[in-house]
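S.K.: structure for the following, please:
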Amino acid sequence: MASSLRSQPRITDVAALAGVSTSTASKALNDTGQLREETRERVRRAAEQLGFTPDSRGRALSSGRSFTVGLITTDSSGRFSIPIMLGAEDALSAGEMALVLCDTRDDPLREQHYLKSLVSRRVDGIIVTGRRTEPRAPIDVPIPVIYAFSPSTDPDDTSVIVDDHGGAGSAVRHLLSLGRSKIAYVTGPDSHHSARVRAAATIEAAGDAFAGEPLHGEWSERWGRHAVDVLLRAQPAVDAIACGSDQIARGVCDRLRELSRSVPDDIAVTGYDNWSVMALASRPPLTTVDMELEELGRRTANLLLDAIAGSAHPGPMELPTRLITRESTLGT
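M.R.: Next comes the predicted model:
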């Protein structure tokens with residue numbers, strides 16, 4: 001092991017091959033100092049030729065940065081935070097930066113502990129996210145912060161959010177384009193911001209085709225099954241059911257099948273989230289709205305990198321969703 005460590009190229013080897021001093025080679029590799037671009041490029045080529053990897057501790061000391069970013073989340077299950085994290089890592093890895101995930105479990109004291117820890121570790125910035133779209137109180141730290149999915153209550157903070165209104169509307173317009181004329185809506189708790197926004201968008205997009213009132217309940221398959229019984233008693237002629245989540249939509253499909261109602265021949269069904277565990281396992285697979293959370297994570301990380309570089313973009317940024325059409329509305 002010792003001999004293999006000694007054989008690794010050093011910064012002095014890179015400097016010698018590039019024909020520059022050791023300090024110039026260090027500045028070129030750490031992107032510091034006032035060097036000509038041709039000099040930086042010559043040093044980079046020498047480092048690549050030798051297989052030289054800069055020491056992260058030296059890089060941090062020379063630049064005054066840690067090249068790490070913290071991600072604070074309340075989403076213990078990872079349903080929303082994991083795709084956001086994957087997108088953020090895609091963007092951060094281009095700058096050879098690492099991401100540290102901290103799950104607060106909705107505990108304010110745990111969140112404060114993690115914030116103090118991240119600041120003491122000299123992270124370059126923090127991404128804050130969660131499992132709900134309700135605006136949350138901003139955090140107070142002396143480094144750049146970007147909010148993802150769960151926006152800050154401060155309108156001057158940078159928050160990257162999903163266009164839930166547009167997403168729910170796109171599902172309804174799809175149903176209308178297929179000739180559906182009596183569209184019902186089943187969604188989650190009325191206390192949830194996302195449920196209210198999606199319900200309002202559904203009513204607006206459906207217009208005269210909307211049947212009854214939105215049915216609010218749990219974000220669960222069980223509620224989807226129960227909602228079908230409630231709905232068909234009140235609206236027996238319904239020919240489409242839009243749902244506020246894929247879990248609810250899968251339960252709706254299960255109950256309709258038990259009642260010998262064909263999906264989509266008798267009743268078309270749409271979901272929301274494009275959660276593959278639910279959307280693809282449903283019988284039939286669900287037409288659904290993809291919130292594009294990985295793209296949201298990438299956009300958030302790029303905004304954080306801009307803020308770290310001194311170019312902040314204050315205020316909310318709303319990103320579009322994408323409708324994924326499958327057999328629950330199109331048939332086989």
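
S.K.: so where is this protein shaky, pLDDT-wise?
M.R.: 1-7, 31-33, 54-64, 95 (pLDDT under 70).

S.K.: how about a cut-off of 50?
M.R.: 1-6, 61 (pLDDT under 50).

S.K.: show me the domain layout of it.
M.R.: 11-54, 65-162+293-319, 164-291 (automatic domain parsing).

S.K.: and these: which comes nearest L330?
M.R.: Smallest distance to L330 across these (Cβ to Cβ): 6.9 Å, for domain 164-291. In this view, the C-beta of every residue, glycine as well, is placed from N, C-alpha and C.

S.K.: list the contacts of the helix or strand in which T39 is found.
M.R.: Using DSSP states H and E, T39 maps to helix 37-50. Residues outside helix 37-50 that contact it (Cβ atoms under 8 Å, 6 or more residues apart in numbering): 9, 13-15, 17-20, 24-25, 28-29, 31, 52, 54.

S.K.: how about the longest helix anywhere in the chain: buried residues?
M.R.: Across the chain, the longest stretch assigned as helix under DSSP state H is helix 293-308. Buried residues in helix 293-308, counted by 16 or more other Cβ atoms under 10 Å: 293-305, 307-308.

S.K.: pick the one among those closest to R121.
M.R.: When those are compared against R121 (criterion: Cβ to Cβ), the nearest one is I308, at 15.1 Å.

S.K.: what sits against that closest one?
M.R.: So I308 contacts R65, D124, G125, P144 (Cβ under 8 Å, 6+ apart).

S.K.: now D13
M.R.: Contacts of D13 by Cβ under 8 Å, 6+ apart are L50, F52.

S.K.: distance of it relative to Q49?
M.R.: To Q49, D13 is 10 Å away according to Cβ to Cβ, to the nearest Å.

S.K.: check A249 too.
M.R.: Distance, A249 to Q49, using Cβ to Cβ: 56 Å.

S.K.: more crowded one of these two?
M.R.: A249 (29 against 12; other Cβ atoms under 10 Å).

S.K.: about what we covered before: which ones among the contacts of helix 37-50 lie within helices?
M.R.: Among the contacts of helix 37-50, DSSP H puts D13, V14, A15, L17, A18, T24, A25, A28, L29 in helices.

S.K.: adding distance to D154, write these out as a markdown table.
M.R.: Output for the ones in helices among the contacts of helix 37-50, formatted as a markdown table (distance: Cβ to Cβ, whole Å):
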| residue | distance to D154 |
| --- | --- |
| D13 | 50 |
| V14 | 46 |
| A15 | 48 |
| L17 | 51 |
| A18 | 48 |
| T24 | 44 |
| A25 | 44 |
| A28 | 40 |
| L29 | 38 |
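
S.K.: of these, just the buried ones, ChimeraX syntax please.
M.R.: Remark: buried members of the ones in helices among the contacts of helix 37-50, expressed as a ChimeraX selection using 16+ other Cβ under 10 Å:
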select :13,14,15,17,18,24,25,28,29
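
S.K.: what's in contact with stretch 208-223?
M.R.: Stretch 208-223 is contacted by residues 176, 180-190, 195, 199, 202-203, 226-227, 230-231, 234-235, 237-238, 244-245, 247-248, 250-251, 254 when judged by Cβ under 8 Å, 6+ apart.

S.K.: go with 6 Å
M.R.: Residues outside stretch 208-223 that contact it (Cβ atoms under 6 Å, 6 or more residues apart in numbering): 181-190, 199, 203, 227, 234-235, 238, 245, 247, 250-251.

S.K.: among those, which ones are in strands?
M.R.: I183, A184, Y185, V186, T187 (DSSP state E).

S.K.: spit out the contact partners of the first one.
M.R.: Pointing back at I183 there. I183 neighbours (Cβ under 6 Å, 6+ apart): L175, A206, A209, F210, A240.

S.K.: okay, and the beta partners of it?
M.R.: The partner list for I183 in beta bridges (DSSP bridges) reads F210, A240.

S.K.: ok, now how distant is it from R326?
M.R.: Separation of I183 from R326 (Cβ to Cβ): 18 Å.

S.K.: no further questions, thank you.
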